[in-house]
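S.K.: Return atomic coordinates for the entry below.
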Amino acid sequence: MSKKEQAQGKSKMVPLPSQGIVPERDVYTTPALECRHLGIDFGGLHAVEDFNITVGKTEIAGLIGPNGAGKTTVFNLLTKVYQPTRGTILIDGQDTAGLNPVKVNQLGVARTFQNIRLFSTLSVEDNVRAGLHNQVKCGVISAIFRLPRHWKCERESHERALELLDVFGMADYANDIAGSLPYGAQRRLEIVRALATNPKLLLLDEPAAGMNPSETAELMENIRAIRDRFQIAILLIEHDMDLVMNICEGIAVLNYGKIIAKGTAEQIQSNPEVIEAYLGAGAQTDKAQDKSEGGENA
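M.R.: Okay, here's the model as predicted:
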């Protein structure tokens, strides 16, 4: 492994008997996510076909591909917004067959969305507390009669929400209305709310969309901090290739619903199929021609 990869918090990727690859540190633990021959049909359309991926217990992984490749459809399958037509999804070794989105969330899967979906008229703290519903237990009777148990739950929720907001430097915004925050802060708040559900696997759908370069750089550091602090797996969809290549340890490339390449950032960047999928069939020819002309002119 290069010094640059070590500086980026990456680990050497090693193969598993299941044909997946995970960071070396995760080899002897159950993967956070395993998909085996996953697929879904919409009428006669194979939207996702034979999708196989393994994400290590503490891996930051990327799912990339051209627009319309089926990336968000995969996220909808993982969270059971869509039920797969075929295949298996294992979360921390547990089969999710027959589960609904609520049960999958309780099992440890949380996500953000391409388009921000906050409770825009509620406070920042209340948005985070909405994500704590699995963590703080308080009975209906306690809430109705304002029993001591109710106030204990309220205090615990408040403290936990502020603790999570502080991870992103947002504790000072706790009382602000969520919809009044700048765009980048709303993106961060959505991630904090997802973390409030105490996930084992965090799915980020284009987290850098609409961010400027400085916000994207800050996001990169935040994602690493989340992985290191909470020791969870993160799978992200992203079109910002600088972010993907700098932060992701394993990367899968989707095109027309099928994985066409899997590997490290270096392997993906030099893969001819990936270059063709992104740049078109002529890209490789043009690149080879430029190289040849450059050699002749040298």
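S.K.: Go through the helix or strand hosting Glu266 and flag the buried ones.
M.R.: Using DSSP states H and E, Glu266 maps to helix 265-269. By neighbour count with 16 or more other Cβ atoms under 10 Å, helix 265-269 contains the buried residues Ala265, Ile268. From N, CA and C alone the C-beta is placed, and that goes for glycine too.
S.K.: Distance from that helix to the middle of the chain?
M.R.: Distance of helix 265-269 from its chain centroid, counting by Cα atoms, centre = their mean, to the nearest Å, is 19 Å.
S.K.: Which elements pack onto that helix?
M.R.: helix 241-247, strand 250-255 (3 or more Cβ pairs under 8 Å, 6 or more residues apart in numbering; DSSP states H and E).
S.K.: quick one: contacts of the shortest one?
M.R.: Okay, so that is strand 250-255. Outside strand 250-255, the residues that touch it by Cβ atoms under 8 Å, 6 or more residues apart in numbering are 13, 21-23, 51, 53, 55-56, 59, 61-66, 69-71, 74, 244-245, 259-265, 268, 271, 273-274, 277.
S.K.: on that earlier part again, would you point to the one among the helices and strands packed on helix 265-269 that's packed deepest?
M.R.: strand 250-255 (a mean of 24; mean count of other Cβ atoms under 10 Å).
S.K.: Show the contacting residues for the residue nearest to Arg111 when sequence neighbours are not counted.
M.R.: Nearest non-adjacent residue to Arg111, counting by Cβ to Cβ, 6 or more residues apart in numbering: Leu203, 3.8 Å away. With contact taken as Cβ under 8 Å, 6+ apart, Leu203 is in contact with Phe75, Leu78, Thr79, Val109, Ala110, Arg111, Thr112, Ile234, Leu235, Leu236.
S.K.: Bridged to the last one, which residues?
M.R.: Read it as Leu236. For Leu236, the beta-bridge partners under DSSP bridges are Gly62, Leu204.
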